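1. I would like the atomic coordinates for the input below:
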Amino acid sequence: MRKSDYSRFVRSRFSDIPACIEVWKTFLKSRRATAYVFTAEDRRIHLCERLWKRARLENRGGEDGHLRLAVEGREFFWPERFPVDDLEWLYAEVFYPRRVNPSSYEHPRIPLSDAGWVLDAGAGEGFFSIYALENGASGVIAVEPLPQLKPALEKTLGRYAERERFRVITAGLGDACGFSFLVEDPHHSCQTRLDEHHAGSDQKVPVVTIDSLADQLGLGEKGFVKMDIEGAEMAALEGAMRTMARHRPKFAVAVYHGYENAQRCKELILKGNTGYTVEFRGMYGWFHPPRPYMLFAW
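-> Reported below is the predicted structural model:
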């Protein structure tokens with residue numbers, strides 16, 4: 001990346017000395033831990049994340065109870081009653097280039113242009129589904145448990161692809177099909193999670209497995225599974241054993257929600273198919289002790 005491109009996304013590191021000090025402290029503390037080893041590159045891109053220049057969110061009006069919003073010219077729809085504060089950050093997590101982005105779903109070994117199908121687990125506002133369609137994926141299955149987001153997602157994805165190239169499914173992913181309670185964060189819709197024991201919730205949503213989706217939709221080779229599902233990644237992988245054994249889809253998984261999640265996800269993927277290569281990337285230094293940001297498997 002040229003210096004001019006770099007500066008488009010990241011402020012000068014000398015503009016925030018406290019952030020630099022904090023990143024170094026986190027990196028040095030991580031050397032005392034035994035579970036994960038971080039590189040100088042992991043440290044650098046975590047500093048980039050702390051210094052991001054966030055793209056501006058535009059409000060372009062509304063229709064049918066939805067806001068029509070845009071970031072860097074990419075339009076999407078969002079329920080009027082939902083908070084918008086996280087959307088600029090979520091956009092950066094998906095669209096900012098890998099060179100400055102520890103949460104990037106890009107990996108040179110798993111190009112989306114090769115994907116016959118993409119499963120966007122935890123589709124949320126639809127940014128990754130848009131990204132996949134823009135980068136040549138044949139089709140996208142957006143799986144999102146919040147039922148209020150389905151109309152918004154369908155409106156959004158309809159702007160980027162023909163109807164036969166995408167499907168929106170209101171469900172969570174798990175290790176068995178059934179139902180679970182939905183626990184919403186009123187301030188951060190992206191942190192909505194499933195809890196089968198949370199009977200205080202008034203929202204009950206279906207849970208499906210990746211194996212059941214593969215059977216129902218006829219998913220075969222050349223699959224790509226993206227996951228950011230608030231700590232439910234291990235259960236979702238338990239529900240993908242047959243698909244991993246038969247079709248070996250590639251994975252890009254956000255594993256920062258718990259300290260042990262990266263290692264546990266790696267073990268489950270290798271349990272599903274010993275032929276996988278698994279790689280961790282990034283240092284999630286917002287929590288202590290730090291842990292990998294992303295897991296890639298191919």
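
2. for the spatially most central residue of the chain, what are its contacts?
-> The centroid of the chain falls nearest to residue 228 when counting by C-alpha atoms, centre = their mean (3.8 Å). Contacts for residue 228 (C-beta atoms under 8 Å, 6 or more residues apart in numbering) come out as 121-122, 124, 253-254. Bear in mind the C-beta positions are built from the backbone N, C-alpha and C, glycine included.

3. Secondary structure class of residue 275, three-state.
-> coil (DSSP: H, G, I helix; E, B strand; the rest coil).

4. That one: how many residues sit nearby?
-> Residue 275 has 10 neighbours, counted by other C-beta atoms under 10 Å.

5. On the pLDDT front, check it for me.
-> Looking at residue 275, its pLDDT reads 98.

6. Backbone dihedrals for it, please?
-> The phi/psi pair for residue 275 (degrees, to the nearest 10) reads phi -80, psi -10.

7. If you drop the residues flanking it in sequence, what lies closest to it?
-> Computed as C-beta to C-beta, 6 or more residues apart in numbering, the closest residue to residue 275 that is not its neighbour in sequence is residue 248, at 6.6 Å.

8. low-confidence ranges in the protein?
-> 1-5, 189-190, 198-202 (pLDDT under 70).

9. how about 90 then?
-> Counting by pLDDT under 90, the ranges of the chain that qualify are 1-8, 11-20, 22, 24-26, 28-35, 63, 181-204, 287-288.

10. which residues of it fall in helices?
-> Along the chain, counting by DSSP state H, helices occupy 3-9, 17-30, 40-50, 87-95, 127-134, 149-157, 210-217, 233-238, 241-247, 261-272.

11. Tell me which of these sits nearest to residue 224.
-> In terms of C-beta to C-beta, the element of those nearest to residue 224 is helix 127-134, at 7.5 Å.

12. could you give the angle of the closest one to helix 87-95?
-> Put simply, helix 127-134 runs at 40 degrees to helix 87-95, going by axes from the mean of the first three to the mean of the last three C-alpha atoms, to 10 degrees.

13. circling back to that earlier point, export the helices of the chain to CSV and tack on distance to residue 77 and mean neighbour count?
-> Compiled in CSV, the helices of the chain are given as follows (distance: least, C-beta to C-beta, whole Å; neighbours: other C-beta atoms under 10 Å):
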stretch, distance to residue 77, mean neighbour count
helix 3-9, 25, 12
helix 17-30, 34, 15
helix 40-50, 27, 19
helix 87-95, 12, 19
helix 127-134, 12, 23
helix 149-157, 4, 22
helix 210-217, 24, 18
helix 233-238, 26, 23
helix 241-247, 31, 18
helix 261-272, 31, 19
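
14. any chance of the ones you listed in a markdown table, plus distance to residue 281?
-> A markdown table is the format used below for these (distance: least, C-beta to C-beta, whole Å):
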| stretch | distance to residue 281 |
| --- | --- |
| helix 3-9 | 18 |
| helix 17-30 | 14 |
| helix 40-50 | 7 |
| helix 87-95 | 13 |
| helix 127-134 | 16 |
| helix 149-157 | 27 |
| helix 210-217 | 22 |
| helix 233-238 | 15 |
| helix 241-247 | 20 |
| helix 261-272 | 10 |
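
15. And those helices: which comes nearest residue 180?
-> Nearest to residue 180, of all the helices of the chain, is helix 233-238, at 9.8 Å by C-beta to C-beta.

16. Mind giving me the packing neighbours of that closest one?
-> When contacts are defined as 3 or more C-beta pairs under 8 Å, 6 or more residues apart in numbering; DSSP states H and E, helix 233-238 packs onto helix 261-272.

17. What lies in contact with the helix it packs on?
-> Applying C-beta under 8 Å, 6+ apart, the contact partners of helix 261-272 are 35-36, 231, 233-234, 237-238, 240-241, 243-245, 251, 253, 255-256, 276, 278, 280, 291-292, 295, 297.

18. before we move on, what about stretch 90-106?
-> In contact with stretch 90-106 (C-beta under 8 Å, 6+ apart) are residues 1, 5-6, 9-10, 42, 45-46, 48-49, 52, 54-55, 57, 71-72, 74, 107, 124-125, 127-128, 131, 190, 226, 252, 254, 281-284, 293-294.

19. okay, that stretch in PDB with CA atoms only?
-> Provided in PDB are the C-alpha atoms of stretch 90-106 (Å, rounded to 0.1, in the frame of the first residue of the first chain):
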ATOM      1  CA  LEU A  90     -18.700  -1.900  11.300                       C
ATOM      2  CA  TYR A  91     -18.200  -0.600   7.800                       C
ATOM      3  CA  ALA A  92     -14.400  -0.100   8.600                       C
ATOM      4  CA  GLU A  93     -14.200  -3.600   9.900                       C
ATOM      5  CA  VAL A  94     -15.300  -5.000   6.600                       C
ATOM      6  CA  PHE A  95     -14.200  -2.600   3.900                       C
ATOM      7  CA  TYR A  96     -10.900  -1.100   5.100                       C
ATOM      8  CA  PRO A  97      -8.000  -2.900   3.400                       C
ATOM      9  CA  ARG A  98      -6.200  -5.800   5.100                       C
ATOM     10  CA  ARG A  99      -3.000  -3.800   5.300                       C
ATOM     11  CA  VAL A 100      -4.600  -1.600   8.000                       C
ATOM     12  CA  ASN A 101      -7.400  -3.800   9.200                       C
ATOM     13  CA  PRO A 102      -7.000  -6.700  11.700                       C
ATOM     14  CA  SER A 103     -10.600  -7.600  11.400                       C
ATOM     15  CA  SER A 104     -10.500  -7.900   7.600                       C
ATOM     16  CA  TYR A 105     -12.100 -11.100   6.100                       C
ATOM     17  CA  GLU A 106      -9.700 -10.900   3.200                       C
END
